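Enquirer: Structure here, sequence nowhere to be found:
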């Protein structure tokens, strides 16, 4: 019987390959997952550390510039007090400060009434200073600091005023306009990449400096609740938030405590963490390529392991198919090779044992056949002896009857033919001829058989019905022997209907229920409407010299079964008493 076809998911090679791929892939996938997480965390943390350091650097520079400006003013306030009343010297000092320290846009020296005494802008000399808030603050002997404002040429400025005290009495005021353009340049240079922003805002949220200057020119305010929450806590650090444009941002916030301002550097996370995304793609490619490479290696390794197993299975199939001379080749030096060698030893012993068994069975069968044959031959021989003696007596008569002698001679000839048939059948069983397989259309054999036997069948009252489901299908068979099989079954069916009936011959293809694979079988079914058979008759139907009808040799179905077996097929019989019998001949289609 052909071996069952194993589904791919149940094959040893599939299971071994999957196990190897999983063993190689799981660590790679886990490593890739860890690498992606680690890379993302590292990139994000590095970026956050970078922007917080930039923000701190900007805060320190702005604070340092501011403190330097205050120190310069404080120092020169004392110098001005020392030369108070000497206007020319005061003008020289103020101009010297302007020329030496470019942070100052302009300087003015006011008297205790708020009138300009000395100014870097000569137009304002001897006029009252217009900034009432400044004067009120200074008259209270308190230092003054204005909000940031823009000059006519769009530069950021802030006013600082310091009182000049002599014996705790206000004698003058030093007013300086501090140029914050350096802060603007510093903020603009702090932009970290595409879509990034750097800016400074005051407590109200108004932009003092921004990498996009138009926001300062338009007087825009920074309005993001999450950042203001940090301001409320006086906290510095990094944060992720979604702005009003629904864009996720990563921001670093650092307070400028002396001025009450805040430095913020931020960038959309999509841009800020783009490196992380690229690394993720690279790692994923690494994982995919590694899995593919490991799968290919696993495939080669699995194939190397499984090839000897397949060779072993193939060898077993050949041996089980009847090629008892087949022996396994050397499959290596491992356990599979040892198994192959043991199989060869087993096959050798089995071949020897089978030869002995066949000789014993054949001798027993031939002995039984010879015994039956000798018994069967005795009857025609006795009949021949008796009829020959009758002919001899008739021949010795003075006037022998020729017709009578001819009659007995015909009887003797019939008995001789019977003996000849018995001997031929015995030889056919004892020494079967080799099959001569050729591609033959099975339908043609059946049609030729029906044409040759239809007249005799109709004479016996039997109607032959053909039901062919297939027509053009050639199979490798010995046409002469298969025709003999069909003829024996056909004649048995006709003889089982002495009163007439129907003989239906069907031709189809099917999968045998005895096979788990998809082997194609050609099924030829002979169904009669005869008297049927008992269970005992069914069990003995294929025994040598067993017949259910008088005058039968009991060899027809035995020979038919032997021929079908030689073709790798089988015969099945179904029968019901009073209904009829059906003989199904299965022949391999491929």
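Expert: Received, thanks. Quick caveat: nothing in here was measured; it's all calculated off a predicted structure. Numbering: from 1, shown residues only.
Enquirer: Domain-wise, how is the chain divided?
Expert: 83-179, 335-429, 435-588 (automatic domain parsing).
Enquirer: Could you tell me the least trusted of those?
Expert: The weakest mean pLDDT among the domains of the chain belongs to domain 335-429, with a mean of 71.
Enquirer: Now the residue of the chain positioned farthest from its centre, what are its backbone angles?
Expert: The C-alpha centroid of the chain is most remote from residue 398, which lies 104.4 Å away (Cα atoms, centre = their mean). Main-chain torsions, residue 398, degrees, to the nearest 10: phi -60, psi -40.
Enquirer: ok, longest helix in this protein?
Expert: What stands out as the longest helix in the chain, according to DSSP state H, is helix 12-82.
Enquirer: any idea of the mean pLDDT for that one?
Expert: Mean predicted confidence for helix 12-82 is 86.
Enquirer: next helix or strand past that helix?
Expert: As assigned by DSSP states H and E, the chain's next helix or strand after helix 12-82 is helix 87-100.
Enquirer: between the next helix-or-strand element following that next one and helix 12-82, how big is the angle?
Expert: Following the chain from helix 87-100 toward its C-terminal end, the next helix or strand by DSSP H and E is strand 104-111. If you take axes from the mean of the first three to the mean of the last three Cα atoms, to 10 degrees, strand 104-111 sits at 30 degrees to helix 12-82.
Enquirer: Parallel or antiparallel, list what pairs with the helix or strand just after strand 104-111.
Expert: Where DSSP H and E defines the elements, the next helix or strand beyond strand 104-111 is strand 116-119. Sheet pairing of strand 116-119 (DSSP bridges) gives strand 104-111 (antiparallel).
Enquirer: Tell me which residues are up against the partner strand.
Expert: Strand 104-111 has contacts (Cβ atoms under 8 Å, 6 or more residues apart in numbering) with 69, 72, 80, 90, 94, 97-98, 116-121, 124, 129, 151, 155, 157, 171-179. Any C-beta I mention is one placed from the backbone N, CA and C, and that applies to glycine too.
Enquirer: How about residue 484, nearest residue that isn't a chain neighbour?
Expert: residue 563 (6.7 Å; Cβ to Cβ, 6 or more residues apart in numbering).
Enquirer: Return the list of helices and strands in contact with the helix or strand where that neighbour lies.
Expert: For residue 563, the host element (DSSP H and E) is helix 556-566. Under the contact criterion of 3 or more Cβ pairs under 8 Å, 6 or more residues apart in numbering; DSSP states H and E, helix 556-566 touches helix 402-430, helix 479-495, strand 570-576, strand 580-588.
Enquirer: Make TSV from the ones you listed and add mean neighbour count and distance to residue 346 to it.
Expert: Output for these, formatted as TSV (neighbours: other Cβ atoms under 10 Å; distance: least, Cβ to Cβ, whole Å):
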stretch	mean neighbour count	distance to residue 346
helix 402-430	14	31
helix 479-495	20	34
strand 570-576	16	27
strand 580-588	21	28
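Enquirer: so which of the ones you listed comes closest to residue 145?
Expert: Closest to residue 145 of the helices and strands packed on helix 556-566, according to Cβ to Cβ: strand 580-588, at 107.0 Å.
Enquirer: Give me the angle between the closest one and helix 556-566.
Expert: Orientation check (the same axes, to 10 degrees): strand 580-588 against helix 556-566 gives 30 degrees.
Enquirer: pLDDT weak spots in the stretch 151-300 of the chain?
Expert: The stretch 151-300 of the chain contains residues with pLDDT under 70 at 231-234.
Enquirer: Helices of that one, start to end?
Expert: Shown for the stretch 151-300 of the chain, the helices assigned by DSSP state H, counting those that start in this stretch span residues 181-188, 213-217, 225-232, 269-272, 274-320.
Enquirer: Same list, those helices, but as CSV with mean neighbour count and distance to residue 390 please.
Expert: CSV is the format used below for the helices of the stretch 151-300 of the chain (neighbours: other Cβ under 10 Å; distance: least, Cβ to Cβ, whole Å):
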stretch, mean neighbour count, distance to residue 390
helix 181-188, 19, 143
helix 213-217, 15, 143
helix 225-232, 15, 133
helix 269-272, 18, 122
helix 274-320, 15, 60
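Enquirer: how about JSON lines for the ones you listed, with distance to residue 261 added?
Expert: Output for those, formatted as JSON lines (distance: least, Cβ to Cβ, whole Å):
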{"stretch": "helix 181-188", "distance to residue 261": "10"}
{"stretch": "helix 213-217", "distance to residue 261": "13"}
{"stretch": "helix 225-232", "distance to residue 261": "10"}
{"stretch": "helix 269-272", "distance to residue 261": "24"}
{"stretch": "helix 274-320", "distance to residue 261": "30"}
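Enquirer: Residue 32: which of the ones you listed is closest?
Expert: Closest approach to residue 32 among the helices of the stretch 151-300 of the chain (Cβ to Cβ): helix 274-320, 3.7 Å.
Enquirer: what is the orientation angle of that closest one with helix 12-82?
Expert: Using the same axes, to 10 degrees: helix 274-320 against helix 12-82 is 170 degrees.
Enquirer: now helix 274-320, how far from the centre of its chain.
Expert: 13 Å (Cα atoms, centre = their mean, to the nearest Å).
Enquirer: tell me what it is packed against?
Expert: helix 12-82, helix 335-396.
Enquirer: so how far is the first residue of stretch 256-263 from its last?
Expert: Using Cα to Cα, to the nearest Å, the end-to-end distance of stretch 256-263 comes out at 7 Å.
Enquirer: now swap in stretch 148-168 and tell me
Expert: Stretch 148-168: ends 30 Å apart by Cα to Cα.
Enquirer: now stretch 187-196
Expert: One end of stretch 187-196 to the other measures 12 Å (Cα to Cα).
Enquirer: what does it contact?
Expert: With Cβ under 8 Å, 6+ apart, stretch 187-196 has contacts from 47, 50-51, 54-55, 57-58, 197-200, 209-211, 263, 265-268, 270-272.
Enquirer: mind listing what's buried in that stretch?
Expert: Residues 187, 190-192, 196 are the ones in stretch 187-196 that count as buried (16 or more other Cβ atoms under 10 Å).
Enquirer: Of those, just say which sits nearest to residue 38.
Expert: Of all the buried residues of stretch 187-196, residue 192 has the smallest distance to residue 38: 22.4 Å, by Cβ to Cβ.
Enquirer: Now the buried residues of stretch 187-196 in JSON lines, please, with extra columns for distance to residue 247.
Expert: Formatted as JSON lines, those follow (distance: Cβ to Cβ, whole Å):
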{"residue": "187", "distance to residue 247": "21"}
{"residue": "190", "distance to residue 247": "20"}
{"residue": "191", "distance to residue 247": "16"}
{"residue": "192", "distance to residue 247": "16"}
{"residue": "196", "distance to residue 247": "12"}
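Enquirer: Just the ones of the residues you listed in strands?
Expert: Among those, no member falls in strands (DSSP state E).
Enquirer: still on that earlier bit, PyMOL command for the buried members of the contacts of stretch 187-196?
Expert: Burial among the contacts of stretch 187-196 is assessed by 16+ other Cβ under 10 Å; the matching PyMOL selection reads:
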select buried, resi 47+51+54+55+58+197+198+199+200+209+210+211+263+265+266+267+268+271+272
